[in-house]
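Student: fold the following.
(chains A and B)
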Amino acid sequence: MTWNGPLIKIDNFRYEIPSSYKGKDNNLKMKTSAVIYANENMIPSIKNDDAPEQTANSTTLPGIVGKAFAMPDIHWGYGFPIGGVVATDGEEGVISPGGVGFDINCGVRLVRTNLHTEDLSKGKIQELIDEMFRNVPSGLGSKAKIRLSKQELNDVLTQGARSPVENGYGWNEDVDFLEENGCLEDADISMVSEKAKQRGMSQVGSLGAGNHFLEIQKVTKIFDTEAAKVFGVKDEGQIMVMIHTGSRGFGHQVCTDHLRVLEQAVKKYNIWLPDRQLACAPINSKEGESYLKAMACAANFAWANRQLIVHWVRESFEKVLNNSAENMDMGIVYDVCHNIAKLEEHNIDGKKRKVYVHRKGATRSFGPDSPEVPLKYRSIGQPVLIPGDMGTESYLLRGTREAEETFGSTCHGAGRVMSRHRALKKWRGEAVVEELKSRGIYVHPASLKVAAEEAPNAYKDIRTVIEVTHGAGISKKVVRFAPLGVVKG
DNA sequence: ATGTCC
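Tutor: Okay, here's the model as predicted:
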């Protein structure tokens, strides 16, 4: 679908859909306007998609506070666009699984090292990637090499990252550098189906597929020396490891189960929606509360998942380089979620108000002095981790006070411009891997199909996305990374 | 993203 509605330029980085827009069927009742962050060059590809219509639709949520937002990496998603942000009143508002996404707490974790490019020959990069591929099960339907008991899974669902750390998978300090310290305390396992638990049991500690990856990266540019130093990035050539994954089949099942319940709730509470995929329920209803408690379980699952993977990444480096992870200073820089809804306090028209911020393909971007930011980083702001597509660069940004305009949110990645289906028709996996090899990037994909689907040209240019969020001030550039080796699910 | 429909 092509967007034919109004998109009014506010400034170089902001476009508005006014609340007077009536929708493609001329029956839309927008409760507020929507703002899309973009520059002029991105507008054609944004318009050539259903995402603007979905952004306009998202303003109809009961109890919406402020405007609806879409980040420069928006593209079509289930009900809400991927790259969308919507806040609803903490008491009078609704909660919507579509505004969170199927992969609950999909997110990114960055691990630093004190190694430099000269410490790792090309052969070592390949050895490390192959070792990581062996240690971290990857690909569609991949199963973990550890098998949790029922009690252990329940611990994961209620304790998040703390659970593996207490069982020897990680360092005690790790949890200090995770958003929410790697645990949402509202988790309630009785709100999770047996089927979800079944699917989750064998998948804690696996990478998954699609855009999920493990990358060995090098620092290629430092934009903000002071902030970089505080985040543990010292100079160009420093080696980092980035992990991008989520809650696997567990989160998917939680979302599916509760969507079914909330579709009924829409009728029960007499909620008008332009699209049934926006299914939601009042936050204070039985249905809304049960989704939130189950969503917290899935968020905790994802944090435990990334924690186990960090442990195996450290073990891989220890084995291949014959050194200890402590000696290599493999601490966690930070861990962010980009698919989640959380109760947060924000300044709205000069007043503090509690709102449920739905971030779907959007990253929290809290500025300096926020109590949620680790003490070590508090003078700088939250580290914001933005992964690029396979074979292109990734970014470490910092959150800003200006991001309060988006309820403390920014973009989450490059964003697709081409469907997986079209990408499969256009490219061959072998050629994609070869092309990256010729550029000095070693890729170990779980399948050649995924290599073709994830071809770099199927994505927007990450640089443009970053320039827009930097220019708009909702997150600021600190460091740029380039990949040396990739494990691709 | 996802045992791409139990």
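
Student: hey, let's count contacts and neighbours off CA atoms from now on
Tutor: OK.

Student: for the stretch 51-200 of chain A, which residue gets nearest to DNA strand B?
Tutor: The nearest approach of the stretch 51-200 of chain A to DNA strand B comes at A:G141, 4.1 Å away (Cα to the nearest atom of the strand).

Student: any idea how far that residue is from A:G210?
Tutor: 11 Å (Cα to Cα, to the nearest Å).

Student: sorry, back to before: check contacts around the residue of the stretch 51-200 of chain A closest to DNA strand B.
Tutor: A:G208 (Cα atoms under 8 Å, 6 or more residues apart in numbering).

Student: quick one: name the residues of chain A near DNA strand B.
Tutor: A:102-103, A:139-142, A:195, A:199, A:207-212, A:246-249, A:252-253 (Cα under 7 Å from any atom of the strand).

Student: apply 6 Å and report the result again.
Tutor: Contact residues, chain A versus DNA strand B (Cα under 6 Å from any atom of the strand): A:F102, A:D103, A:L140, A:G141, A:G208, A:A209, A:G210, A:N211, A:H212, A:R248, A:G249, A:H252.

Student: most neighbours among those, which one?
Tutor: Highest neighbour count within the residues of chain A next to DNA strand B: A:R248, with 29 neighbours (other Cα atoms under 10 Å).

Student: that residue contacts A:M201, doesn't it?
Tutor: No - using Cα atoms under 8 Å, A:R248 is not in contact with A:M201; the gap is 10.7 Å.

Student: got a list of what A:R112 touches?
Tutor: By Cα under 8 Å, 6+ apart, the neighbours of A:R112 are A:G232, A:V233, A:I239, A:M240, A:V241, A:D329, A:M330, A:G331, A:I332, A:V333.

Student: buried ones in the helix or strand it falls within?
Tutor: Secondary structure assignment for A:R112, by DSSP states H and E: strand A:107-116. Across strand A:107-116, burial judged by 16 or more other Cα atoms under 10 Å covers A:G107, A:V108, A:R109, A:L110, A:V111, A:R112, A:T113, A:N114, A:L115.

Student: need the contact list for the closest residue to A:Q238 other than its chain neighbours.
Tutor: Leaving aside its chain neighbours, A:Q238 sits nearest to A:H116 (4.5 Å; criterion: Cα to Cα, 6 or more residues apart in numbering). For A:H116, the contacting residues are A:K218, A:G237, A:Q238, A:I239, by Cα under 8 Å, 6+ apart.

Student: next one: phi and psi at the second one?
Tutor: Main-chain dihedrals, A:G237, degrees, to the nearest 10: phi 90, psi -10.

Student: A:T117 is in contact with that one, correct?
Tutor: Yes - between A:G237 and A:T117 there is a contact under Cα under 8 Å: 5.4 Å.

Student: quick check: neighbours shared by these two?
Tutor: In contact with both A:G237 and A:T117: A:K218, using Cα under 8 Å, 6+ apart.

Student: dump the contacts of A:H116 into JSON lines; add neighbour count as well.
Tutor: Output for these, formatted as JSON lines (neighbours: other Cα atoms under 10 Å):
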{"residue": "A:K218", "neighbour count": "24"}
{"residue": "A:G237", "neighbour count": "18"}
{"residue": "A:Q238", "neighbour count": "20"}
{"residue": "A:I239", "neighbour count": "26"}
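
Student: which one of these is nearest to A:V86?
Tutor: Distance to A:V86, by Cα to Cα, is smallest for A:K218 among the contacts of A:H116, at 34.6 Å.

Student: check contacts around the closest one.
Tutor: A:H116, A:T117, A:E236, A:G237, A:Q238, A:I239, A:M240, A:F481, A:A482, A:P483, A:L484 are the contacts of A:K218 under Cα under 8 Å, 6+ apart.

Student: can you name the residues bridging to it?
Tutor: Beta-bridge partners for A:K218, by DSSP bridges, are A:I239, A:A482.

Student: strands along the stretch 51-200 of chain A, start to end?
Tutor: A:64-75, A:82-89, A:94-95, A:107-116 (DSSP state E, counting those that start in this stretch).

Student: and the helix or strand of chain A with the lowest mean pLDDT, what does it pack onto?
Tutor: Using mean pLDDT, DSSP states H and E, helix A:420-426 stands out as the lowest-scoring helix or strand of chain A, at a mean of 91. Counting contacts by 3 or more Cα pairs under 8 Å, 6 or more residues apart in numbering; DSSP states H and E, helix A:420-426 is packed against helix A:448-453.

Student: now the helix it packs on: how far from the chain's centre is it?
Tutor: Taking Cα atoms, centre = their mean, to the nearest Å, one finds helix A:448-453 lying 21 Å from the centre of the chain it belongs to.

Student: what are the C-alpha coordinates of that helix, in CSV please?
Tutor: Extracted as CSV, the C-alpha positions of helix A:448-453 are listed here (Å, rounded to 0.1, in the frame of the first residue of the first chain):
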residue,chain,number,x,y,z
LEU,A,448,22.1,-19.9,3.2
LYS,A,449,18.4,-19.0,3.0
VAL,A,450,18.8,-16.6,6.0
ALA,A,451,22.0,-15.1,4.4
ALA,A,452,19.9,-14.2,1.3
GLU,A,453,17.0,-12.8,3.4
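
Student: what are the buried residues along whichever helix or strand comes after it?
Tutor: Counting by DSSP H and E, the next helix or strand C-terminal to helix A:448-453 is helix A:462-472. By neighbour count with 16+ other Cα under 10 Å, helix A:462-472 contains the buried residues A:I462, A:R463, A:T464, A:V465, A:I466, A:E467, A:V468, A:T469, A:H470, A:G471, A:A472.

Student: relative to A:F223, which of these is nearest.
Tutor: A:H470 (11.5 Å).

Student: ok, that closest one touching A:K476?
Tutor: Yes - with contacts counted by Cα under 8 Å, A:H470 reaches A:K476, the gap being 4.8 Å.

Student: about what we covered before: with pLDDT and distance to A:V417 added, can I get the buried residues of helix A:462-472 in TSV?
Tutor: Output for the buried residues of helix A:462-472, formatted as TSV (pLDDT from 0 to 100; distance: Cα to Cα, whole Å):
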residue	pLDDT	distance to A:V417
A:I462	95	12
A:R463	95	14
A:T464	95	13
A:V465	96	13
A:I466	97	16
A:E467	98	18
A:V468	98	17
A:T469	98	18
A:H470	98	21
A:G471	98	22
A:A472	98	22
